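**Student:** just need the structure, nothing else, for what follows:
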Amino acid sequence: MTDQPWQQSASPEEQRTIDEKIAARMGITVEQLHELDRQVAADVRARDAVPADERVTDSNPKFTKGFGPDTSENTIRPGEIREYYRKSDADDGGGAGTDRT
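**Tutor:** Numbers count the residues shown, from 1 in each chain. A predicted model of the protein is given here:
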């Protein structure tokens, strides 16, 4: 079975063209784009080196919902993120001076 086009690796020439377009949209050079890619890869490796049960997480619905199957438990309700931030600001004693309305 053949891979779908989005799963196939581009030839080096095609990849360079793709990278040039992405870098131009971002307003950076291709070399800067490649450096960003390396930094992201290093961050992912560092994150993956920490066992999942030792990772610091919180209950922010922006990061814990909206991924995976479309179920009622996994769907972000209207106002849910705002409610989360208001509650966390109240728990912090008024917040850090940020306005998240």
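
**Student:** so residue 34 makes contact with residue 19?
**Tutor:** Yes. With contact defined as CB atoms under 8 Å, residue 34 and residue 19 form a contacting pair (7.3 Å). Using the backbone N, CA and C atoms, a C-beta is placed for each residue, glycine as well.

**Student:** which one of those two is surrounded by more residues?
**Tutor:** residue 19 (17 against 12; other CB atoms under 10 Å).

**Student:** what about that one, which SS state?
**Tutor:** When classified by DSSP: H, G, I helix; E, B strand; the rest coil, residue 19 comes out as helix.

**Student:** tell me how far the helix or strand bottoming out on mean pLDDT in the chain is from the chain's mean position?
**Tutor:** Every helix and strand in the chain was compared by mean pLDDT, DSSP states H and E; the lowest is helix 61-64, with a mean of 73. Chain-centre distance of helix 61-64: 11 Å, with CA atoms, centre = their mean, to the nearest Å.
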